[in-house]
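**Q** sequence first, then the predicted structure, then my questions.
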Amino acid sequence: MDKRGRPTVGLMPLYLKLYDDLLPDLRKGFEAFQQDVVENLEARGVTVVRAPICRVAPEIKDATECFERQGVNAIVCLHLAYSPSLEAIDALCNTALPLILLDTTMDEQFGLDVAVDRIMYNHGVHGVMDLASLLRRRERAYEIVAGHLADPQVLDRVAGYARASVAATALRGTTVLRVGPTFAGMGDFAVEEAVLSAKLGVQVREVGLEVLDKAILKVTDAEVASEVALDRERFLCELPSEAHERSVRVGLGLRRLLEEGGHPAFSVNFQAFDRADRPANTMPFLEISKAMGRGLGYAGEGDVLTAAFVGALGRAYEAVSFTEIFCADWAGERLFLSHMGEISTSLAEGKPRVISKPFFMGGSLDPAVLTCAAKPGPAVLVNLAPGPRDTFTLLVAPVEVVAEDDSVQPAMRDVIRLWVRPQGKVAPFLEAYSRAGGTHHGALVLGAQAESLSAFGRLSGWDVVQLG
């Protein structure tokens, strides 16, 4: 991926060597078609690395290895004509790159009045069937999009699957930093570290607050002053300077730990912050919100599973936040999402506020908290649920973020909050969610991304349950 939210794909045009042997000029007729695919994908925010036309196993192997070296997020196979699956299958099964089959042809119409010579330019469909059948027999995950390029949804879907590929590849290799232990007794997100490593490729590094203390002591007054000034530019800061500077100092210590360790995801257990007489003297809620806004993964209470999951989403999608379904509005058919003091800045409608709030646990000093209304519109609630026998299920729920009216209950402006409306009624939604084993920690992704997120689950080898 060349930048956050912009995936890179390798376009692999597949062809039949026999046609080059018998009709060497035929391939020239496919040039504009390939270029049309490239330009349409790039117009949708996808960078395309294009391989030469591939016909036989060595060419397909070379193209695949070239894509790996260039760090693409997925391979898009485009059948220009029939191409035998045995030429491609080994290379495509030996690479870890996600695979997308684009099942399209040059001409939109192929009816009774078609000229016979158009057959040679429009018969890649059965090559797709050949390859897809063998991929399934080899248990190789893949996605497929069928349709003509005249339908904008065709390449919209390919672009969405490309973003899903970013998330799928980002998850593996993630090392999650956990500050403090896991919240005792919370069982739904608890997965043994050996299972996280074996099944998801996720590693865990746990540190105590003494390690955070050391990082905080390295933060300079100048760094604190610079960050406070930046906060005052981008946020409405409505808290005492002392509380702001204190939270920023602890937050910059946490940021240092994450950057020095190269951690794309982290979890912090608020229970570990129980003393005021140490450098880590307040819960770093403000930095957590800013970190999610930068695309890092986070989950509360030591939940490294959801933190890694949110981090993978943050690499692929531009507005992602850790959240919880807190309350049900049975009468209004809405769900209230909240948490103690964490919401990604990427969700904010307008300029977020930063306030100081009493820390209900006591012991540590009052933290700075960022609060805001969320941007209204389509979104997706997603949850990665551990299942029996070390399996995982991805729950995907299209929702609508409801616009707020701050004048109704002004005190709610100080709370991490947003309301969403699921597709259908709240009661059956919650029943289906819990029947599928959904945990109480999850993520919200702004935008109509349900199909792309479902592809993320399939490309990762999980069961996928779409709610609504």
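**A** That came in fine, so what should we check first?
**Q** hey, let's count contacts and neighbours off CA atoms from now on
**A** OK.
**Q** where does the nearest residue to Gly302 once chain neighbours are set aside land in three-state SS?
**A** Leaving aside its chain neighbours, Gly302 sits nearest to Thr182 (4.2 Å; criterion: C-alpha to C-alpha, 6 or more residues apart in numbering). Secondary structure assignment for Thr182 (DSSP: H, G, I helix; E, B strand; the rest coil): coil.
**Q** ok, now which ones touch Thr182?
**A** Neighbouring residues of Thr182 by C-alpha atoms under 8 Å, 6 or more residues apart in numbering: Asn269, Glu301, Gly302, Asp303.
**Q** so how far is Gln203 from Ala194?
**A** Taking C-alpha to C-alpha, to the nearest Å as the measure, Ala194 falls 9 Å from Gln203.
**Q** list the buried residues of stretch 337-352.
**A** Across stretch 337-352, burial judged by 16 or more other C-alpha atoms under 10 Å covers 337-348, 352.
**Q** now do that stretch: everything it contacts.
**A** The contact list for stretch 337-352 (C-alpha under 8 Å, 6+ apart) reads 234-236, 285-286, 288-293, 318-327, 369-376, 415-420, 446.
**Q** send me it as PDB with only the CA atoms.
**A** Extracted as PDB, the C-alpha positions of stretch 337-352 are listed here (Å, rounded to 0.1, in the frame of the first residue of the first chain):
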ATOM      1  CA  LEU A 337     -21.900   3.000  21.300                       C
ATOM      2  CA  SER A 338     -19.500   4.200  23.900                       C
ATOM      3  CA  HIS A 339     -16.500   3.500  26.000                       C
ATOM      4  CA  MET A 340     -14.600   5.100  28.900                       C
ATOM      5  CA  GLY A 341     -12.600   7.700  27.100                       C
ATOM      6  CA  GLU A 342     -11.600   6.400  23.600                       C
ATOM      7  CA  ILE A 343     -12.800   7.300  20.200                       C
ATOM      8  CA  SER A 344     -10.800   7.800  17.000                       C
ATOM      9  CA  THR A 345     -10.400  11.400  15.800                       C
ATOM     10  CA  SER A 346     -11.100  10.000  12.300                       C
ATOM     11  CA  LEU A 347     -14.800   9.700  13.200                       C
ATOM     12  CA  ALA A 348     -15.300  13.300  14.400                       C
ATOM     13  CA  GLU A 349     -17.900  15.500  12.900                       C
ATOM     14  CA  GLY A 350     -16.500  19.000  13.200                       C
ATOM     15  CA  LYS A 351     -13.800  20.000  15.800                       C
ATOM     16  CA  PRO A 352     -13.500  17.500  18.700                       C
END
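**Q** what's the offset of it from the middle of its chain?
**A** Distance, stretch centre to chain centre, for stretch 337-352: 18 Å (C-alpha atoms, centre = their mean, to the nearest Å).
**Q** same check, this time on stretch 374-385
**A** 11 Å.
**Q** which elements pack onto the helix or strand Leu78 falls within?
**A** Leu78 is located in strand 74-79, with elements delineated by DSSP states H and E. For strand 74-79, the elements it packs on are strand 8-14, strand 99-103, helix 125-137, helix 152-171, judged by 3 or more C-alpha pairs under 8 Å, 6 or more residues apart in numbering; DSSP states H and E.
**Q** now for the second one, which elements pack on it?
**A** Translated: strand 99-103. strand 74-79, helix 125-137, strand 143-146, helix 152-171.
**Q** now what about the third one, what contacts it?
**A** Okay, so that is strand 143-146. Leu99, Ile100, Leu101, Leu102, Asp103, Thr104, Val154, Arg157, Val158, Tyr161, Ala455, Leu459.
**Q** if you rank those residues by neighbours, which is first?
**A** Most neighbours among these, by other C-alpha atoms under 10 Å: Tyr161, with 29 neighbours.
**Q** SS state for Glu59?
**A** Glu59 - assigned by three-state DSSP - is helix.
**Q** mind checking how far the residue nearest to Gly302 is from Ala308?
**A** 15 Å.
**Q** same deal with Arg256?
**A** Taken as C-alpha to C-alpha, the span from Arg256 to Ala308 is 19 Å.
**Q** and the two? Which one has more around it.
**A** Neighbours per residue (other C-alpha under 10 Å) separate Arg256 from Ala308, with Ala308 holding more: 33 against 17.
**Q** and the more buried one, how close does it get to Val48?
**A** 27 Å.
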